[in-house]
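>>> What would the 3D arrangement of this be:
(2 chains)
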Amino acid sequence: DSGVTQTPKHLITATGQRVTLRCSPRSGDLSVYWYQQSLDQGLQFLIQYYNGEERAKGNILERFSAQQFPDLHSELNLSSLELGDSALYFCASSVAPNRDKQYFGPGTRLTVT
Amino acid sequence: QKEVEQDPGPLSVPEGAIVSLNCTYSNSAFQYFMWYRQYSRKGPELLMYTYSSGNKEDGRFTAQVDKSSKYISLFIRDSQPSDSATYLCAMSEDDSWGKLQFGAGTQVVVTP
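Numbers count the residues shown, from 1 in each chain, chains lettered A, B, ... in the order given. Presented below is the predicted three-dimensional model:
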């Protein structure tokens, strides 16, 4: 158990809908990262937050947004969902914003039908 | 063409054998090189990281980086069935490790 929690574990929704994925980092970790893992694209970095501020941005679609709250938990919002958004979404956390081991959560499996 | 190429396998080896994994990359700006292990239905776990070229050893694991050839390797000695997992290489241009570029992952099966 990495200490990073993600909810829900599974999510099934229809195209066009909007969902919110939640992540609680390890105690003491200030940085949160979001990743998407799919069979065709592999593991891709989406976005990073550090102490509430956006730190780095990767291949995140405009339909997706995220934020980190004062209590350091983070949410990833996915809207206007498409079939291709079906994937595993991982959250990871680390103490420092750079050059620090990331601890991954168990992931949320999103299925868009 | 992807920036990081990794053979997806599966790679099947008998228990006790050496597992040899590798990745090639095209971006000469990569400086940090990592190996992650991912068990089925779990998140990735960082095994090792190396800065620039050279070797690094940690127990049964050895990571090698050859920047001139844009080639990195991971060796697992005395492999165990518990080493059966998918191994992903990852790379970053700078120490903002969030912007990691991952390989597709190689599935390893160690048979008793």
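
>>> now whatever residue of chain B ends up closest to chain A: how far from residue B:77?
In chain B, the residue that lies nearest chain A is residue B:43 (3.0 Å; CB to the nearest CB). Every C-beta, even on glycine, is put in place using the N, C-alpha and C of the backbone. Separation of residue B:43 from residue B:77 (CB to CB, to the nearest Å): 25 Å.

>>> So for those two, which residue has more residues nearby?
residue B:43 (23 against 13; other CB atoms under 10 Å in any protein chain shown).

>>> Just list whatever residues bridge to the closest residue to residue B:58 other than its chain neighbours.
Leaving out its chain neighbours, the residue that sits closest to residue B:58 by CB to CB, 6 or more residues apart in numbering or on different chains is residue B:48, at 5.7 Å. When bridges are called by DSSP bridges, residue B:48 pairs up with residue B:35.

>>> what ranges do the strands span in chain A?
Along chain A, the segments classed as strands by DSSP state E run A:5-7, A:10-13, A:19-24, A:31-38, A:42-50, A:53-57, A:64-68, A:74-78, A:87-94, A:103-104, A:108-112.

>>> Please, which helix or strand holds residue B:21?
strand B:19-25 (DSSP states H and E).

>>> Touching that strand from outside, list them.
Contacts to strand B:19-25, defined as CB atoms under 8 Å, 6 or more residues apart in numbering or on different chains, come from residues B:3-7, B:11, B:13, B:35, B:70-76, B:79, B:83, B:87, B:89, B:91, B:101, B:103, B:106, B:108, B:110.

>>> Pull out the buried residues from those.
The neighbour count (16 or more other CB atoms under 10 Å in any protein chain shown) marks B:4, B:6, B:13, B:35, B:70, B:72-76, B:79, B:83, B:87, B:89, B:91, B:101, B:103, B:106, B:108, B:110 as buried among these.

>>> can I assume residue B:82 sits in a helix?
Yes. Under DSSP: H, G, I helix; E, B strand; the rest coil, residue B:82 falls within a helix.

>>> In contact with it, which residues are there?
residue B:110.

>>> per-residue confidence at it?
Residue B:82 is assigned a pLDDT of 96 by the prediction.

>>> Would you agree residue A:13 is in contact with residue A:81?
Yes. Counting by CB atoms under 8 Å, residue A:13 touches residue A:81, with 6.2 Å between them.

>>> Mind checking which of the two has more residues around it?
residue A:81 (20 against 16).

>>> Please list all residues in contact with the more buried one.
A:13-19, A:63, A:112.

>>> Next, count neighbours for the residue nearest to residue B:58.
Residue B:48: 17 neighbours (other CB under 10 Å).

>>> still on that earlier bit, show me what contacts the residue of chain B closest to chain A?
Contact analysis of residue B:43 by CB under 8 Å, 6+ apart lists A:2, A:4, A:90, A:92, A:104-107.

>>> Tell me the residues on chain A that lie near chain B, please.
Taking CB under 8 Å from any CB of the partner chain, the part of chain A that reaches chain B is made up of A:2, A:4, A:31, A:33, A:42-45, A:47-48, A:55-56, A:58, A:90, A:92, A:94, A:97-102, A:104-107.

>>> so what's the residue lying closest to residue B:45 once chain neighbours are set aside up against?
Sequence neighbours aside, residue B:37 is the residue nearest to residue B:45 in space, at 5.2 Å (criterion: CB to CB, 6+ apart). Contacts were defined as CB under 8 Å, 6+ apart; by that measure residue B:37 touches B:44-45, B:47, B:85-88.
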